[in-house]
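>>> Build me a model from this:
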Amino acid sequence: ELRSVLTQPSSVFGSLGQTLTISCTGSPANIGAGYCVFWYQQLPGMTPKTIIYENTRLLGVPDQFSGSGSGNTVSLSITGLQADDEADYYNSAWDKNLTYVPMCLLKKIISSTTTLVFIPYSLMDIHLFAK
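Below is the predicted model of the structure:
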């Protein structure tokens, strides 16, 4: 059974044109121990795609996306937030033996001409990428 070991804010607000940062906090036993961290983007009607591995953008991913980490916390930042960035964003972490850590997920729930709002999914529904 999957168990939540990563935590995140209850919501994230981003104003268009500004920088949006999505953070997940783990523990010294996972993220703090050097687990490999992935960030995924799922655009409406599309399958999820990996955009960040560790802190490195994958080929073809715009440089407005960046990953960072410090201690037990990792973050995805989107600079110059655009309406086209409206998507669901996923995070997962794996150790060198492919031990899985449940993902943080943020689902876009509200969009307007000025703001995108994200909230977490229920981790009870998370089964993607599980071993």
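
>>> Look up the closest residue to F65, ignoring the ones flanking it.
Using CB to CB, 6 or more residues apart in numbering and skipping the chain neighbours, the partner closest in space to F65 is I51 (5.4 Å). Bear in mind the C-beta positions are built from the backbone N, C-alpha and C, glycine included.

>>> State the distance from the one you found to L76.
For I51, the distance to L76 (CB to CB, to the nearest Å) stands at 8 Å.

>>> Neighbour count for those two, which is higher?
Under the criterion of other CB atoms under 10 Å, the comparison of I51 against L76 puts L76 first, with 25 against 22.

>>> Check which helices and strands the helix or strand the more buried one falls within sits against.
Element membership of L76, judged by DSSP states H and E, is strand 73-78. Counting contacts by 3 or more CB pairs under 8 Å, 6 or more residues apart in numbering; DSSP states H and E, strand 73-78 is packed against strand 20-25, strand 65-70, strand 88-94.

>>> nearest to A33, of the ones you listed?
For the helices and strands packed on strand 73-78, distance to A33 was read as CB to CB. The smallest value, 9.6 Å, belongs to strand 88-94.

>>> what's the weakest-modelled helix or strand in the protein?
Ranked by mean pLDDT, DSSP states H and E, the helix or strand of the chain with the weakest confidence is strand 100-111, at a mean of 50.

>>> pLDDT weak spots in this structure?
Residues of the chain that meet the criterion pLDDT under 70 lie in 1-6, 10, 95-131.

>>> go with 50
Applying pLDDT under 50 to the chain picks out residues 1-4, 102, 109-110, 121-131.

>>> Next, show the common contact partners of I51 and L76.
Common neighbours of I51 and L76, using CB atoms under 8 Å, 6 or more residues apart in numbering, are W39, F65.
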